[in-house]
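*Asks:* got a predicted structure here, sequence first:
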Amino acid sequence: MNVKDQIKENLKTYGVTAVAAATLLGTIAAEVAPGPTTEANQPANYSIAATVAEPLAVGLDIAAGVSAAVATPAIIEAELAVAMLAIVPEVLHDAGVPIIGTDYVFGPAGMALLKAWEGLELTGYILGDGMCTIGYGHAEPLHTVPDCTSWTITEAEAEALLAEDIQIYAAAVADHFTRPLNQHQFDALTVFTYNVGVGVYEKYGWATDPDDARITGNMGLYVFPAQFREGLTARRAAEVELFNTPHEAA
């Protein structure tokens, strides 16, 4: 099995933790070992990177493979190649983002739509909802972020946050609906849930087996608060458009 195929298998087996770990490992390694690396400094540099990335490398050998004291430059180069390949969009799009514990995969059409509407902000900002928002709409309570507007992250860190966050919202869709959803329907509902929150289905009494028209009709109702109505109306329309776009299973 070549490296690219192995990455796909890792993603399918371990889910988004593989993406997050590889993203952080690649980013941190680049930061702690700028420019050409030498045989002497490779083990130390990538050991630091692996130590930081290890909490996200659940079930993987990425961190362990480069943090061992006996690691050789050849092992380190191979592990880094695997890590960097894991964040190439082509590979991620081929593999999708498996939603752990479900049969669903959050696909590239959904990811593209989500990123288009959330946008990327590398500095924290406040919308007035009691949260500090950063990255692709990642939000944390203001009281947990001492100085929201001074909080900065890298693009790779934003990707890692999104990869972790999407698990929560996609799982909420998978858990609620008992009816089958095709890829575009699942993606659209996940993007919708990412915006309105995981509690929407229980709070507003959504049926677990509604037909397509009922789902899209309900989605269109969530265009509040009033100051964001124009933008939210356009977003709901884009989500409904994806939901209604035919999808042929591979």
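*Replies:* In hand now; what should we look at?

*Asks:* I figured Glu157 hits Gly135, correct?
*Replies:* Yes - with contact defined as C-beta atoms under 8 Å, Glu157 reaches Gly135; the gap is 7.3 Å. C-beta: built from backbone N, CA, C; applies to glycine.

*Asks:* the more surrounded of the two?
*Replies:* Higher neighbour count among Glu157 and Gly135: Gly135, with 23 against 19, using other C-beta atoms under 10 Å.

*Asks:* what pLDDT does that one get?
*Replies:* Confidence at Gly135, expressed as pLDDT, is 97.

*Asks:* please renumber the chain so that the first residue is 7 from this point on.
*Replies:* I'll keep to 7 as the first residue from here, and by that count the last item is Gly141.

*Asks:* how's this protein carved up into domains?
*Replies:* With domains defined by automatic domain parsing, the chain comprises 9-100, 108-250.

*Asks:* any idea which helix or strand comes after the longest helix seen in the chain?
*Replies:* Ranked by number of residues, the top helix in the chain under DSSP state H is helix 161-182. Next helix or strand after helix 161-182 toward the C-terminus (DSSP states H and E): helix 189-202.

*Asks:* who does that next one touch, helix- and strand-wise?
*Replies:* Applying 3 or more C-beta pairs under 8 Å, 6 or more residues apart in numbering; DSSP states H and E, we find helix 189-202 packed against strand 111-112, helix 114-124, helix 161-182, helix 218-225, helix 235-250.

*Asks:* could I get these as TSV with distance to Leu133?
*Replies:* Formatted as TSV, the helices and strands packed on helix 189-202 follow (distance: least, C-beta to C-beta, whole Å):
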stretch	distance to Leu133
strand 111-112	24
helix 114-124	12
helix 161-182	16
helix 218-225	21
helix 235-250	12
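
*Asks:* most packed of those?
*Replies:* strand 111-112 (a mean of 24; mean count of other C-beta atoms under 10 Å).

*Asks:* adjacent strands (with direction) for that strand?
*Replies:* Strand 111-112 sits in its sheet next to strand 103-104 (antiparallel), going by DSSP bridges.

*Asks:* related to what we said a few turns ago, and the longest helix of the chain, what does it pack onto?
*Replies:* For helix 161-182, the packing partners by 3+ C-beta pairs under 8 Å, 6+ apart come out as helix 22-38, strand 103-104, helix 114-124, strand 137-141, strand 144-147, helix 189-202, helix 206-209.

*Asks:* in the chain, where is pLDDT below threshold?
*Replies:* Where the chain drops to pLDDT under 70, the residues are 7-108, 255-256.

*Asks:* the residue nearest to Asn201 when sequence neighbours are not counted and Ala166, how far apart?
*Replies:* Leaving aside its sequence neighbours, Asn201 sits nearest to Arg241 (C-beta to C-beta, 6 or more residues apart in numbering; 6.7 Å). To Ala166, Arg241 is 24 Å away according to C-beta to C-beta, to the nearest Å.
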